[in-house]
Structures are given as structure tokens and as C-alpha cells.
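Asks: Make a model of this:
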Amino acid sequence: MSTEKQWEEAKSLYPLGAEVQATVKVKFPFGVFLELPGAPEVTGFLDIASYNPTTGPDPASLPDAGSPVDVVVSFHNERDKQIRVRVGPAAHHIANKETRDRA
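Replies: Okay, the predicted model is just below:
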């Protein structure tokens, strides 16, 4: 668990929209927990709905523990002191594009 100071420093280091290469610490069916460089005491989290790679691996298969992953910071979860990230476009952008394409 991070201290308030560590959390504030991590938010400054990783503002919304920042691109970073993180490392997968633990993989679960619902997402992966990440280590963020320069802020090992703050957890990064990539949930399955936010994993939408446009190239490379199968989007249904989250990266394994130990794998590097290029992510974009999408949310600072104040309650859990967690940096939420995504890969590829945000899910709502994908849904909106699919709706426009059908119209």
C-alpha cells in the first residue's frame, strides 16, 4: 500500500493521457496488475475491457506476468490509490465507431 505522498508523486509522474511501458506483475481473468517505472509502491491496473490492442497479440488474451506492455493512463482511482490504464482505444470509442459504421 502506498503512502499519501507516494500516491501524489505517482499521479504527478503519470498524468492522464501519459504513455508508459509497464511490467505485468500478476495476471487474472479480469485484468492485470502492473508495476509502473519510478512508482513501484503504486499499483497500475489494466482491466480486460480496457485491453484493446490494434496490432500484435489477440485482444482476448491479456499479457502474461513479466511481460512489458505499452499503456496509456486513463484514470486515477483515488479510493484504491491505483493508476488505471488502457491499451488501444477506449472501449466507448470502439462502441461509438461500431454504431457509426452500422448507420
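Asks: residues in contact with stretch 50-70?
Replies: 19-27, 31-32, 34, 46, 48, 74, 84-91, 94 (CB atoms under 8 Å, 6 or more residues apart in numbering). C-beta coordinates here come from the backbone N, C-alpha and C atoms, glycine included.
Asks: Mark which of the residues you listed are buried, thanks.
Replies: 20, 22-24, 27, 31-32, 34, 46, 84-88 (16 or more other CB atoms under 10 Å).
Asks: pLDDT value on the nearest residue to V26 once chain neighbours are set aside, please?
Replies: Using CB to CB, 6 or more residues apart in numbering and skipping residues adjacent in sequence, the residue nearest V26 is F33, 4.6 Å away. You'll see F33 listed with a pLDDT of 97.
Asks: a strand runs through F33, doesn't it?
Replies: Yes. Assignment of F33 by DSSP: H, G, I helix; E, B strand; the rest coil places it within a strand.
Asks: That one and D47: what is the separation?
Replies: Separation of F33 from D47 (CB to CB, to the nearest Å): 10 Å.
Asks: which neighbours do the two share?
Replies: The contact sets of F33 and D47 do not overlap (CB under 8 Å, 6+ apart).
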